[in-house]
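J.: here are the coordinates; sequence isn't available:
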């Protein structure tokens, strides 16, 4: 089975990396993910303690919004670096693959 490569040239699972990751986005995303990790532990505790369902659901919504924020930041980085590099590369096939990838990412984010 072959793994699809990112249109920027990175191939999932083979040790490749993004073209670039903005240091500020990386710092911000890692901070958000650590906060989300704490929120998840809090949710586990709420369920263990049989807290009121509406309170648990409110916290679930909060975690989902935080994850959406991480996704937006990573999409921003992908567009700024990976997509820009692929589209400007002069390689029509690579640019077309990136356009397809962007469409798929946008489609997944609006579901």
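T.: Thanks, I have the structure now. Just so it is clear, the structure is predicted and the values come from calculations on it, not from any experiment.
J.: For the spatially most central residue of the chain, give me phi and psi.
T.: Taking CA atoms, centre = their mean, the centroid of the chain lies closest to residue 71, which sits 3.6 Å from it. Per-residue torsions, residue 71: phi -60, psi -40 (degrees, to the nearest 10).
J.: thinking residue 89 is in contact with residue 97, fair?
T.: No: using CB atoms under 8 Å, residue 89 makes no contact with residue 97, being 10.7 Å away. Where you see a C-beta, it was placed from the backbone N, CA and C, and this is true even at glycine.
J.: Of those two, which one has the most company?
T.: residue 97 (18 against 15; other CB atoms under 10 Å).
J.: my read: the more buried one touches residue 86, true?
T.: Yes: under the criterion of CB under 8 Å, residue 97 makes contact with residue 86 at 7.3 Å.
J.: Going along the chain, name the helices of the protein.
T.: With DSSP state H as the criterion, the chain has helices at 23-48, 53-77, 84-88, 92-110.
J.: Now do the first one against helix 53-77, angle only.
T.: Angle of helix 23-48 versus helix 53-77, following axes from the mean of the first three to the mean of the last three CA atoms, to 10 degrees, is 160 degrees.
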